[in-house]
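>>> Kindly generate the corresponding structure for this input.
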Amino acid sequence: MPKRTTLDWVLEAVSLAVLVSIFVNVAAHWSELPDRVPRHYGFLGDPNRWGGKGYLWVAPFAAVGLYVLMTAASRYQGLINLPFTVDWKLPEAQKLLLSLSLFLKAGFVLTFAYMSRAGINAALGTAQGLGPMFLPISLAAILCPMIFFTLKLRRYRT
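Model prediction:
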């Protein structure tokens, strides 16, 4: 396992803090939420399916699942699936794989935090939904690190 940089620790701290905040946010608004909340969103981010307010716990628990998965991937880098094989023993490749998993973890957790907050706001009537920019921004938050680090890792192919 490579030595972590300050940026690595910042990404880890942000991911954990945002993960906790998702649970706190849902719990803090629970009593004021109506029985019907957004359950699904259309292409432009507008709610198009509604369900019971218990559905708002899906985002926090999905974020926990991804957080755990990405934490495991940062420690057991063989879990990371790349379109080519990499020499996992090279310190440079290990560092890039660690950074990739930390950036993806932060991107996933931030995406789920936004979805959770938007669902609460839509249920309370203070917002319309996710907004039309949610899809492109969330895809960029996930795809950009994947593309960037995959291109950097190509030099360590076996």
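
>>> phi, psi of W88?
In terms of degrees, to the nearest 10, the main-chain angles of W88 are phi -60, psi -20.

>>> repeat for T5
For T5, the backbone dihedrals (degrees, to the nearest 10) come out as phi -90, psi 170.

>>> now it: how far from L11?
Applying C-beta to C-beta, to the nearest Å, one obtains 9 Å for the distance of T5 from L11. All C-beta spots, glycine's among them, are computed from the backbone N, C-alpha and C.

>>> likewise S138?
The span separating S138 from L11 equals 17 Å under the rule C-beta to C-beta.

>>> So between those two, which is more surrounded?
L11 (22 against 18; other C-beta atoms under 10 Å).

>>> residues contacting the residue nearest to the spatial centre of the chain?
The residue lying closest to the centre of the chain (C-alpha atoms, centre = their mean) is F108, at 0.7 Å. Under the criterion of C-beta atoms under 8 Å, 6 or more residues apart in numbering, the contact partners of F108 comprise A63, L66, Y67, M70, I142.

>>> buried set for stretch 6-19?
Using 16 or more other C-beta atoms under 10 Å as the burial criterion, the residues of stretch 6-19 that qualify are D8, L11, E12, S15, V18, L19.

>>> List the residues that contact the first one.
Read that as D8. Applying C-beta under 8 Å, 6+ apart, one finds that D8 lies in contact with L98, S99, L102.

>>> neighbours around F23, how many?
Counted by other C-beta under 10 Å, the residues lying close to F23 total 16.

>>> Surely E32 touches A123?
No - because the distance of 9.2 Å does not satisfy C-beta atoms under 8 Å, E32 is recorded as not touching A123.

>>> Between these two, which is the more surrounded one?
A123 (22 against 9).

>>> element containing the more buried one?
When elements are defined using DSSP states H and E, A123 is found to belong to helix 91-124.

>>> elements contacting the next helix-or-strand element following that helix?
Read in the C-terminal direction, the helix or strand following helix 91-124 is helix 134-153, with elements assigned using DSSP H and E. Using 3 or more C-beta pairs under 8 Å, 6 or more residues apart in numbering; DSSP states H and E as the contact criterion, the neighbours of helix 134-153 among helices and strands are helix 91-124.

>>> in the helix it packs on, what's buried?
Within helix 91-124, the residues that count as buried by 16+ other C-beta under 10 Å are 93-123.
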